[in-house]
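>>> Mind looking at a prediction? Sequence and model below.
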Amino acid sequence: MDAGSRRAVEQALSSPDYFAGDMPWLIAKPGCPVCRATVERTRRLLFWYREESYNSAPWIERLSRCWGFCRQHTWDVVTAGARHELTFGAEFLSRQAAARLGRLDAALRPDRTGGLRQTREAAVSAASVALSPEDPCPICTTLAGDARDLLDLLHSLRDRQEAEQYAVADGLCESHYARAAELATPVAPAELGLLSAAQTRSRRATLAAAGAGGVDAYGRQLSLIAGWRFGPAPQASLSRSDGAAAERESFAAHPVDRHWLKTQIPRAASFSALALMPGCPLCRLRELRRYELYTDLLAQHQGAAGSLPRLCRVHVWELFDCDDERRLPPVWSSLLESRLTEGRPAADDERPMVVPPALHCPACEANAAADAEALEKGGFNDAPAVVCLPHLVSMVQAGEPAFELAAKLAQVFAALNQEIGEYFRKLDYRFSNEPKGREQSAGLRALALLNGSPPLFRRELVESLSACGGWSYRAGTTGGSLS
Ligand SMILES: [Zn+2]
Ligand SMILES: [Zn+2]
Ligand SMILES: [Zn+2]
Ligand SMILES: [Zn+2]
């Protein structure tokens, strides 16, 4: 633990003026109280974004620094129904992207810049930095606010009544437990004991309840392992709520249509085969490799106990969604059992649990390996597909001479910016009776290139894009557009 975190814990534990927020109230509620606070806060952020701030100057400035939401959260926010609001952001981001990609293209072409190699390298580096986010995505930032909730929890445990309530509550999810234990370890041994005892009790109770089956037991086991999923709420309420709606949404499955997915993901051996699929081929290769991993994990654990690798929160939920054949209960039980015995000599040992080891999520590793694999295969400049902006930047930073791609993408963004302008023009009451066409999907198409393709695991998202005109790139016919 660094000195700053240590000071923060000491302050939370010793100051009589410290305010523990909603934590004393939340610890008596079902599920991880830190997840509950975080998910509720995220819903409020989204509420205000949609209600009034999406078109305000501070938000526009914020989005231009972080290039919109990250890939994961862009498509979550689309699912929450904020498509129009995101299109508003995509209009100026696509203009910004077109201009900066033009500069990157110029820097990448040796014939245009000439001069010293170092000068050219500096120009390429500056141009690629200008296309990278300076700040994290607003929802990632909100989720990271859980550090404060953990301090609030430690402060609450100093109160006897609240400590008693916590002792019979559900305890924390795995990732929040690991962080709370890390914060408490040198500074607050009494609080660590309380956290650990509640955690053991809760894991045992969840395992015992798992035999009973049912969606609730299913969701609870998963939430204990992974934490709550960020569930974008279409109708987020602003009244002070206990997060019950957020909890329900968080546990809901988003079943993956495996049959459809199989038709979308050919076991592509070549980059050119991937380039024929909808969306950014590098995003697709990542999904292909993750899907292979999930299929293997589910096959290995069919009815059998054993330990599963430590998947991160996002990817545990993706694995959950991938299992439409309902083989999961044994998988989750074995995951939970392996956590229960982790770092302990025996399941009935009452000593405090050790802090779990750091996550090495194999699905996150598969993403990185897929990017490396795509780079090794190469051949991007001749492919018909367009690579998304984050992937293009990482290719350039890896030394790929991607000037054809940068030029192509700059053209596409310029065309998309005009299409979005047309979309907004037709929203004006004076022109609203004009027939509407392809421009309606321009915002989504821009997001797919600004932040990464919508996940193939979410069929409805991919289809809503394909339904408005498809994805493939036709160079030269319309000055560059997605058709
Ligand atoms: Zn949690
Ligand atoms: Zn994010
Ligand atoms: Zn991509
Ligand atoms: Zn992961």
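That came through fine. Ligands and ions are numbered 1, 2, ... in the order given.

>>> contacting residues around R62?
Counting by CB atoms under 8 Å, 6 or more residues apart in numbering, R62 makes contact with 135, 138. C-beta coordinates here come from the backbone N, C-alpha and C atoms, glycine included.

>>> wait, is V256 part of a helix?
No: read with DSSP: H, G, I helix; E, B strand; the rest coil, V256 is coil and lies in no helix.

>>> any idea how far C32 is from it?
V256 sits 25 Å away from C32, going by CB to CB, to the nearest Å.

>>> Surely V124 is in contact with A107?
Yes: V124 is in contact with A107 according to CB atoms under 8 Å; the separation is 4.6 Å.

>>> Of V256 and C32, give the one with the bigger neighbour count.
More neighbours surround C32 than the other of V256 and C32, with 31 against 22 (other CB atoms under 10 Å).

>>> per-residue confidence for H73?
On the pLDDT scale, H73 is placed at 92.

>>> Next: the one 10 residues further on.
pLDDT for R83: 88.

>>> thought it was touching L444?
Yes: R83 is within contact range of L444, at 6.8 Å (criterion: CB under 8 Å).

>>> For P138, give me the pLDDT.
Looking at P138, the pLDDT reads 93.

>>> Might you enumerate the residues of this structure proximal to ligand 2?
Proximity of the chain to ligand 2 is confined to 70, 73, 137, 139-140 under the rule CB under 5 Å from the ion.

>>> so which of those residues are also by ligand 4?
Okay, of the residues of the chain next to ligand 2, nothing touches ligand 4 (CB under 5 Å from the ion).

>>> how about these, which pair is most distant?
Taking CB to CB as the measure, the residues of the chain next to ligand 2 span a maximum distance of 7.6 Å, between C70 and I139.

>>> All the strands of the stretch 151-300 of the chain, in order from the start?
Ranges of strands within the stretch 151-300 of the chain: none, based on DSSP state E, counting those that start in this stretch.

>>> Enumerate the residues of it near ligand 3.
Counting by CB under 5 Å from the ion, the stretch 151-300 of the chain sits next to ligand 3 at 280, 282-283.

>>> right, and out of those residues, which lies closest to D22?
Nearest to D22 among these, with distances taken as CB to CB, is C283, at 37.6 Å.

>>> State the distance from the closest one to ligand 2.
Per CB to the ion, to the nearest Å, C283 is found 15 Å from ligand 2.

>>> okay, now that residue: neighbour count?
Neighbours of C283 (other CB under 10 Å): 27.

>>> Excluding chain neighbours, what is closest to it?
Nearest-residue entry for C283: S453, 4.2 Å, with adjacent residues in sequence omitted and distances by CB to CB, 6 or more residues apart in numbering.

>>> How about the contacts made by F92?
Here F92 is in contact with 60, 63-64 (CB under 8 Å, 6+ apart).

>>> Just these: which are in helices?
Counting by DSSP state H, the part of the contacts of F92 found in helices is 60, 63-64.

>>> would you list the contacts of F92 in TSV and tack on distance to L311 and neighbour count?
Shown next, in TSV, are these (distance: CB to CB, whole Å; neighbours: other CB atoms under 10 Å):
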residue	distance to L311	neighbour count
I60	36	16
L63	30	23
S64	33	15
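
>>> Tell me the one among the residues of the stretch 151-300 of the chain next to ligand 3 nearest to D149.
For these, the nearest to D149 is C283 (32.2 Å; CB to CB).

>>> mind putting the residues of the stretch 151-300 of the chain next to ligand 3 in a markdown table, distance to ligand 4 and pLDDT included?
Output for those, formatted as a markdown table (distance: CB to the ion, whole Å; pLDDT from 0 to 100):
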| residue | distance to ligand 4 | pLDDT |
| --- | --- | --- |
| C280 | 19 | 86 |
| L282 | 17 | 88 |
| C283 | 15 | 90 |
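
>>> Find the residue ranges of the stretch 101-250 of the chain scoring beneath the pLDDT cut-off.
Low-confidence segments of the stretch 101-250 of the chain (pLDDT under 70): 111-115, 209-220, 231-243.

>>> Go again with 50.
Scanning the stretch 101-250 of the chain for pLDDT under 50 picks out the ranges 215, 236.

>>> residues in contact with the residue in it positioned nearest to ligand 4?
Proximity of the stretch 101-250 of the chain to ligand 4 (CB to the ion) peaks at A226, 10.2 Å away. Neighbouring residues of A226 by CB under 8 Å, 6+ apart: 173-175, 311, 313, 316-317.
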